[in-house]
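Trainee: here are the coordinates; sequence isn't available:
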């Protein structure tokens, strides 16, 4: 089954304790990205990756890191989480858009993170 | 001003009715346009792309007005299963920069 998986689905942690949220896709997609969703603010892009070893900042990258060592995986790292990073996080993947064409984004099920 | 603006609703509509949403975007460089659907606490899923000539998929019709920079979604003969939040999405170029609206919440009432 074609899918994007995220782990963990739910996480409660404390300020300053490093954590990693994993994201994996089995569709051989080049493009992967991370979003956070907050009430009244919608989905905001954190980081994206056009392919292996190619990553770039989205709209709200502060406090986050990513890496893309393999095509299928795109982990999100919070080195020192703070309460303002409490949010619902989504990973997404797609084929690389050709020119001006934007391909369908496939989203993971989401990770609900609470930082105390 | 938000780059993509939507009326948050909620829209409470009786089953079988027709409902329309609009979405305005401020970036004239936007190239691609989409409607995504998000059920409560679930991931967004593509509902339909929006083409310049307008397009229809069953009960759903999407329109794009580049001159006025707005996108619309029309749902005819609404079903209970249409209850969801509808997200308007624009893209500048390829996949690099997707911008999501905050969504319009729709509830279909039996």
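Mentor: Thanks, I have the structure now. Here the structure is a predicted model, which is why all the values come from computation and not from measurement.
Trainee: every contact and neighbour count from this point should use C-alpha atoms.
Mentor: Will do.
Trainee: for chain B, just list every one of the strands.
Mentor: For chain B, strands defined by DSSP state E occupy the ranges B:4-6, B:11-14, B:19-25, B:32-38, B:45-50, B:55-57, B:60-65, B:70-75, B:84-91, B:98-100, B:104-109.
Trainee: can I get the ones you listed in TSV with mean neighbour count, distance to chain A and mean pLDDT?
Mentor: TSV is the format used below for the strands of chain B (neighbours: other Cα atoms under 10 Å in any protein chain shown; distance: least, Cα to the nearest Cα, whole Å; pLDDT from 0 to 100):
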stretch	mean neighbour count	distance to chain A	mean pLDDT
strand B:4-6	21	10	94
strand B:11-14	16	16	96
strand B:19-25	19	14	94
strand B:32-38	23	6	94
strand B:45-50	19	7	93
strand B:55-57	14	16	92
strand B:60-65	19	16	95
strand B:70-75	20	17	96
strand B:84-91	24	7	95
strand B:98-100	22	6	90
strand B:104-109	19	11	96
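Trainee: pLDDT weak spots in chain A?
Mentor: Residue ranges of chain A with pLDDT under 70: A:97-102.
Trainee: try it again at 90.
Mentor: For chain A, the stretches with pLDDT under 90 are A:1-2, A:40, A:42, A:95-104.
Trainee: residue contacts, the most centrally placed residue in it?
Mentor: Residue closest to the mean C-alpha point of chain A, counted by Cα atoms, centre = their mean, is residue A:34 at 2.5 Å. Residues in contact with residue A:34 (Cα atoms under 8 Å, 6 or more residues apart in numbering or on different chains) are A:45-48, A:76, A:89-92.
Trainee: direction included, what does whichever strand or helix holds it pair against?
Mentor: Per DSSP states H and E: residue A:34 is located in strand A:31-38. Applying DSSP bridges, strand A:31-38 is found paired with strand A:42-51 (antiparallel), strand A:87-94 (antiparallel).
Trainee: kindly check the end-to-end length of stretch B:35-51 for me.
Mentor: End-to-end span of stretch B:35-51 (Cα to Cα, to the nearest Å): 11 Å.
Trainee: and what of stretch B:55-68?
Mentor: Distance between the two ends of stretch B:55-68: 18 Å, counting by Cα to Cα.
Trainee: quick one: contacts of that stretch?
Mentor: Contacts for stretch B:55-68 (Cα under 8 Å, 6+ apart): B:48-54, B:70-78.
Trainee: if we go to 10 Å?
Mentor: Applying Cα atoms under 10 Å, 6 or more residues apart in numbering or on different chains, the contact partners of stretch B:55-68 are B:18-26, B:28, B:30-31, B:33-35, B:47-54, B:70-79.
Trainee: identify the farthest-apart pair in the contacts of residue A:34.
Mentor: Largest separation among the contacts of residue A:34 by Cα to Cα: A:48 and A:89, giving 13.4 Å.
Trainee: spit out the residues that contact the two alike.
Mentor: Contacts common to residue A:48 and residue A:89, judged by Cα under 10 Å, 6+ apart, are A:34-35.
Trainee: okay then, goodbye and thanks.
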